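> Any chance you can model this:
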Amino acid sequence: MSTKKIKVLYITDQYPSRYNPTILSFIEEQINEMSKLVEAVVMCPKEIFLPVNKTNRINRKRDLSFPDMEIKGQTKIFYPKSYRYLPGLNKKLSQYLKILSIFFTIKKFHIDFDLIHSHFAYFAGFLGMGISKLTNKSLVITVHGTDIHTRLPNGSKLEKKNIKKSLEAASKVIAVSNSLKDIVLKKTNIDESKICVISDGLNIDLFKPATNMIHEKILDFKSNQIILFIGNLVPVKGIPYLIEAFKKICQEFPDLRLLIVGDGPEKQKLLAQANGFEDKIKFLGKIIHKEMNSIIPHCDLLCLPSLNEGFGIVLIEAMACGKPVVASLTGGIPDIVTSDDVGFLVQPGDVSGLANAIKKALLKKWDSKKIRERAYEFNWNNVTNKILSVYQEILLSNESNQR
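This is a model prediction of the structure:
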């Protein structure tokens, strides 16, 4: 096989932008790291709707404002546009228009690539499968969690069918945790040899023990003990259980505060649940990823009470800062929290168990060096070289088959 850099076409439904700089930031981070080893091009398609209501008008104006292409660092990002203008145009047909928009962009800009890598089986995996068939290029799909935990069991008949077809069409499937791998094998017909586990990665230069940097949103809590939650405010994150657990123990720890970083559809419900504890439970809103290093080092404990979790990268980021974690025994989290030296695991949805684990963690004397060493096992250098090996294996196999 040639020693030239492999050219990879990445496909993702969403990508950080000026409109939403935090969305799927972990995918952007992985692609940025991979661009040190490969030539990376990103496709992030936009579907343009008729302006028949306020939401459509807002989304239409936003999506039309994206350029055909922009460059971030070493990576070119393309925004192919498909137009859902025909009244009654169903979802099945519209998804093929997205595939065509990507294909026409490839032709228009003369984009050359060796293989395709889609992030999430749904919807990017289906788009990748379409482009793979049109270009005769091999497809890699990374499953991250919501596509398998939510879409595969609870999606529409069409969504379930497309996820299975996409995964079966891929040359290789990467699962970010052993739990996801097991679910994919159970729910699809793909052979076990076609799926491997490669976790998300950690930027060890960004996440370090406490420095003089402190985010303005936590300046008022410098003298407090802090439990930190970071994530989308959605039901699967289990935040109501964390709030109830906090209420159970906060009288024993008068200086204890619960800081919740993130935004989402559950925010008003959570604010109502925190009523009467406004001085102790603070909602800090959305904070961009690169600013987390001015927040995490100043907490005493990070808590992730998810009901399900594909991996849980925020746990590794906290551990890299030397902070212990309390998290749910679900999904990919046990791949990270493998001993009581770095944190405690509890059953999802168990308020009493969560409260006891948090109390135990606050009272324990932790070895921050040991916690950091565990986190560093997930550094990007290890992760990206594993992904590169997947690419090389596929292309070598293709070369052998052509002889």
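
> can you give me the strands for the stretch 301-403 of the chain?
Listed in chain order, the strands of the stretch 301-403 of the chain (DSSP state E, counting those that start in this stretch) span 301-304, 325-328, 343-346.

> Could you list the buried residues of the biggest helix by length in the chain?
Looking across the chain with DSSP state H, the single longest helix is helix 380-402. Buried positions in helix 380-402, judged by neighbour count with 16 or more other C-beta atoms under 10 Å: Trp380, Val383, Thr384, Ile387, Leu388, Val390, Tyr391, Ile394, Leu395, Asn398. Every C-beta, even on glycine, is put in place using the N, C-alpha and C of the backbone.

> The first one contacts Asp205, correct?
What that stands for is Trp380. No. Trp380 sits out of contact with Asp205 when judged by C-beta atoms under 8 Å, with a separation of 9.3 Å.

> where exactly do the strands run in the stretch 101-250 of the chain?
Using DSSP E, counting those that start in this stretch, strands in the stretch 101-250 of the chain cover 115-119, 138-143, 172-175, 195-197, 225-230.

> got TSV for those strands, with mean neighbour count too?
Shown next, in TSV, are the strands of the stretch 101-250 of the chain (neighbours: other C-beta atoms under 10 Å):
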stretch	mean neighbour count
strand 115-119	27
strand 138-143	26
strand 172-175	24
strand 195-197	18
strand 225-230	22
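
> hang on, the earlier thing: highest average neighbour count across the strands of the stretch 301-403 of the chain?
strand 325-328 (a mean of 27; mean count of other C-beta atoms under 10 Å).

> Packing partners of that one?
strand 301-304, helix 313-320, strand 343-346, helix 351-363 (3 or more C-beta pairs under 8 Å, 6 or more residues apart in numbering; DSSP states H and E).

> nearest to Lys161, of the ones you listed?
Closest of the helices and strands packed on strand 325-328 to Lys161 is helix 313-320, at 29.7 Å (criterion: C-beta to C-beta).

> outside of that closest one, which residues touch it?
26, 200, 202, 204, 207-208, 228, 230-231, 292, 296, 299, 302, 304, 324-325, 327, 333, 336-337, 342-343, 371-372, 374-376, 378 (C-beta atoms under 8 Å, 6 or more residues apart in numbering).

> Dump it to CSV, restricted to CA.
C-alpha atoms of helix 313-320 as CSV (Å, rounded to 0.1, in the frame of the first residue of the first chain):
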residue,chain,number,x,y,z
ILE,A,313,-16.1,11.5,27.4
VAL,A,314,-16.7,14.2,30.0
LEU,A,315,-15.7,11.6,32.7
ILE,A,316,-12.3,11.3,31.1
GLU,A,317,-11.9,15.0,30.9
ALA,A,318,-12.6,15.4,34.6
MET,A,319,-10.3,12.5,35.4
ALA,A,320,-7.5,14.2,33.4
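
> quick one: it to strand 225-230, angle?
Using axes from the mean of the first three to the mean of the last three C-alpha atoms, to 10 degrees, one finds that helix 313-320 and strand 225-230 are set 140 degrees apart in direction.

> Please name every helix or strand in contact with the longest helix of the chain.
helix 25-34, strand 115-119, strand 138-143, strand 172-175.

> quick one, helices of the stretch 101-250 of the chain?
126-135, 146, 152-154, 157-169, 178-187, 239-249 (DSSP state H, counting those that start in this stretch).

> Now the second one: average pLDDT?
Spelled out, that is helix 146. With pLDDT averaged residue by residue, helix 146 scores 81.

> do the fifth one as well
With pLDDT averaged residue by residue, helix 178-187 scores 92.

> Could you pull out the buried residues of it?
Buried, per 16+ other C-beta under 10 Å, within helix 178-187: Ser179, Leu180, Lys181, Ile183, Val184, Leu185.

> I'm done for today, thanks for sticking with me.
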